[in-house]
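Colleague: compute the structure for the input listed below.
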Amino acid sequence: MRNPCETINRSPAADVQCKEDARPWILIATILASSIAFIDSTAINVALPALQKSFHATMVDVQWVVESYGLFLGALILAGGSLGDLFGRRKIFLVGTVIFAFASGACGVAPNIQILVIARSIQGTGAALLVPGSLAIISSFFDEKSRGRAIGTWSGFTAIMTAVGPVLGGWLVEHTSWRWVFFINLPLAGAVIAISVWRIPESRSAVKTRLDWSGAVLATLGLGGLVFGLIESTSLGWSNPIVVGSLIAACACLLGFAALEVRSSFPMIPLAIFKNSNFSGANLLTLFLYAAVGIFFFLLPMNLIQVQGYSATVAGAAILPFILLMSLLSRWSGGLVARYGPRKPLMVGPLVAALGFILFVVPSVRADYWKTFFPALTILGLGMAVTVAPLTTDVMNSVDRDRVGTASGINNAVARVAGVLGIAVLGIVMVYAFCARLERTLDHLSLPLGSMQEIHALENRLAGLQPPANLDPRTKARVTDLIRLGFVFGFRVVMMMCAGLYVASATIAWFMVPKAGDVKPSSVRGFRNPRTREQTRNWVTYAAHCVGQNRSKEPTPKLQIAVAKQTRWYS
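Modeller: Here you go, the predicted structure:
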């Protein structure tokens with residue numbers, strides 16, 4: 001079946017009309033596509049305690065269920081953005097949706113934890129093609145003036161769809177099985193495929209390029225080795241040869257990746273793009289923000305279900321204040337960049353969210369939800385709502401349309417890698433804090449040696465740890481309380497570190513993100529944005545005029561260097 005835009009006579013007016021007619025369908029398809037990725041990530045977090053119990057899994061096993069998805073998504077999302085620019089954004093978007101749907105079905109029927117991890121890896125590969133395509137398609141068919149509102153609409157409706165994930169996922173876990181959490185992706189994927197084939201026009205980059213396969217392999221091996229070493233260090237120890245060898249090999253692969261990108265004619269990450277201080281600052285800010293969010297949504301459902309005693313459905317509903325604030329305010333916050341510039345919202349939002357993380361230090365065991373978790377989730381959601389849409393808009397506005405796929409891929413890769421590293425690094429902090437607190441408190445109980453050894457052997461299950469069966473009921477209850485208190489202690493430590501990351505993000509925004517109307521020379525270099533070209537042309541003309549007015553005097557070396565630099569950037 002022909003795409004509707006293919007039946008229109010090709011003329012500038014027809015192209016404009018085609019784009020305008022396709023815009024509502026573009027938003028619908030990209031919202032649904034992003035929703036299956038976000039629903040999967042939020043719903044699986046609610047299902048982790050049930051999954052851990054079903055497979056008798058350790059904390060490391062549960063981490064791999066989350067990390068395998070994030071690892072392949074983060075490592076390959078750059079290639080996904082480049083593939084869209086090269087072969088067509090709609091085409092790669094469709095391929096990613098099909099792969100994601102197939103892998104979701106495989107996750108739902110996985111017979112053991114190993115097969116589930118493999119299926120999650122395939123799911124992450126599909127998401128690496130799907131996720132960057134969403135924003136790249138939006139940026140291709142919405143001009144800069146309407147792009148902020150479009151991204152805000154995408155963010156808002158995606159958040160609404162995402163809100164269904166935890167509640168529905170919790171209900172499915174409680175009343176059927178955690179496996180149905182993956183099956184809910186299938187009907188949404190079918191709708192995305194149908195709309196994309198029938199209503200969305202194709203687009204691709206006008207710049208000729210080719211895929212950097214070597215870079216993709218090195219990035220995947222490097223990140224995989226790094227995550228493997230960090231996660232397995234909690235069970236094997238830092239001195240274990242496997243852990244040490246994994247980290248050394250990861251560093252070698254990542255250094256090789258950087259060296260390859262410098263020499264490559266068609267790099268997966270064009271390093272020149274980071275000469276733009278705005279783009280670099282926004283991505284560094286993304287790294288800190290999403291590292292904290294990754295570990296937060298990994299630990300919060302465990303806290304609510306295993307420590308506070310919530311059912312899976314109630315735990316999913318407990319997260320709704322955060323998601324609803326994101327959905328209600330994202331469209332409004334998407335227009336903040338046009339009104340105030342990117343710096344102000346990217347400073348205020350993280351500082352508000354940091355206060356929300358600090359409030360998560362308040363809840364203990366059996367805490368009242370409305371007095372503890374609800375205020376913290378509300379303030380955190382408000383801060384993130386002010387931050388996310390302006391951050392995404394700022395990143396996409398930093399480059400011209402021919403590079404939106406690459407820019408989207410880089411920013412999404414940073415976000416996904418940040419989540420992976422956040423769970424790996426701060427997960428280590430969580431395990432060590434939990435173990436230290438538990439061992440210190442258990443020393444006062446004078447438990448039998450065999451019971452102490454059993455508890456120490458299973459400490460990496462965190463709140464999923466069960467007291468030894470040979471203890472009397474009173475001692476069992478006391479050990480259970482100490483396990484929960486140990487989890488709360490570790491959770492508090494991690495939340496304070498998350499607050500620190502958000503304060504650091506606000507500082508980065510102050511120093512590296514420009515104010516409204518402020519275009520720094522580093523933002524011009526290496527880019528072909530018509531607006532910055534015009535500004536540069538005016539600056540060079542003015543400088544030449546100043547030199548012409550003082551022909552009797554030799555131009556100062558400083559002015560000569562400035563004119564030469566601006567001329568080179570413009571050319």
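Colleague: mean confidence score for the longest helix seen in the chain?
Modeller: In the chain, with assignment by DSSP state H, the single longest helix is helix 12-55. Over the span of helix 12-55, the pLDDT mean works out to 74.
Colleague: for stretch 334-353, same thing?
Modeller: For stretch 334-353, the per-residue pLDDT averages 84.
Colleague: name the element the residue nearest to Leu329 when sequence neighbours are not counted belongs to?
Modeller: Nearest residue to Leu329 in three dimensions, chain neighbours excluded: Ala385, at 3.8 Å (Cβ to Cβ, 6 or more residues apart in numbering). Quick note: C-beta positions are derived from backbone N, CA and C, even for glycine. Ala385 belongs to helix 373-397 when assigned by DSSP states H and E.
Colleague: same check on Ile358?
Modeller: Using DSSP H and E, Ile358 maps to helix 343-359.
Colleague: again with Trp178
Modeller: Taking DSSP H and E as the definition, one finds Trp178 inside no helix or strand.
Colleague: re the thing from before, just list what the helix holding Ala385 packs against, helices and strands only.
Modeller: Of the remaining helices and strands, those touching helix 373-397 by 3 or more Cβ pairs under 8 Å, 6 or more residues apart in numbering; DSSP states H and E are helix 113-141, helix 144-175, helix 277-302, helix 320-334, helix 336-340, helix 343-359, helix 404-442.
Colleague: which among those is found nearest to Ile39?
Modeller: The stretch from the helices and strands packed on helix 373-397 with the least distance to Ile39 (Cβ to Cβ) is helix 144-175; that distance is 3.6 Å.
Colleague: next helix or strand past that closest one?
Modeller: Following helix 144-175 in sequence, per DSSP H and E, is helix 180-183.
Colleague: that following helix packs against which elements?
Modeller: For helix 180-183, the elements it packs on are helix 12-55, helix 89-108, helix 144-175, judged by 3+ Cβ pairs under 8 Å, 6+ apart.
Colleague: give the buried residues for that helix.
Modeller: Trp180, Val181, Phe182, Phe183 (16 or more other Cβ atoms under 10 Å).
Colleague: one more: stretch 334-347?
Modeller: Of the residues in stretch 334-347, those buried (16+ other Cβ under 10 Å) are Gly334, Leu336, Val337, Ala338, Gly341, Pro342, Arg343, Lys344, Pro345, Leu346, Met347.
Colleague: name the residues that touch that stretch?
Modeller: For stretch 334-347, the surrounding residues in contact (Cβ atoms under 8 Å, 6 or more residues apart in numbering) are 145, 148-153, 155-156, 278, 282, 285, 333, 386-387, 389-391, 393-394, 397, 505-506, 509-510, 513-518.
Colleague: residues near the residue lying closest to Phe274 once chain neighbours are set aside, how many?
Modeller: If the residues on either side of it in the chain are set aside, Phe274 comes closest to Ser280, at 4.8 Å by Cβ to Cβ, 6+ apart. For Ser280, the tally of surrounding residues (other Cβ atoms under 10 Å) stands at 18.
Colleague: surely Ser280 and Met512 touch.
Modeller: Yes. Applying Cβ atoms under 8 Å as the test, Ser280 and Met512 come out as touching, 6.6 Å apart.
Colleague: which one of the buried residues of helix 180-183 sits closest to Gly222?
Modeller: Proximity of those to Gly222 (Cβ to Cβ) peaks at Phe182, which lies at 28.5 Å.
Colleague: can I have stretch 330-342 written out in PDB, keeping just the CAs?
Modeller: Listed in PDB are the C-alpha atoms of stretch 330-342, where the atom choice follows Å, rounded to 0.1, in the frame of the first residue of the first chain:
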ATOM      1  CA  SER A 330       5.300  18.300  30.100                       C
ATOM      2  CA  ARG A 331       3.400  20.100  27.300                       C
ATOM      3  CA  TRP A 332       3.600  23.400  29.300                       C
ATOM      4  CA  SER A 333       7.300  22.800  30.100                       C
ATOM      5  CA  GLY A 334       8.000  22.100  26.500                       C
ATOM      6  CA  GLY A 335       7.300  25.800  25.800                       C
ATOM      7  CA  LEU A 336       9.600  27.100  28.500                       C
ATOM      8  CA  VAL A 337      12.700  27.000  26.200                       C
ATOM      9  CA  ALA A 338      11.100  29.500  23.800                       C
ATOM     10  CA  ARG A 339      10.000  31.800  26.600                       C
ATOM     11  CA  TYR A 340      12.900  31.700  29.100                       C
ATOM     12  CA  GLY A 341      15.700  29.800  27.200                       C
ATOM     13  CA  PRO A 342      17.000  26.400  28.300                       C
END
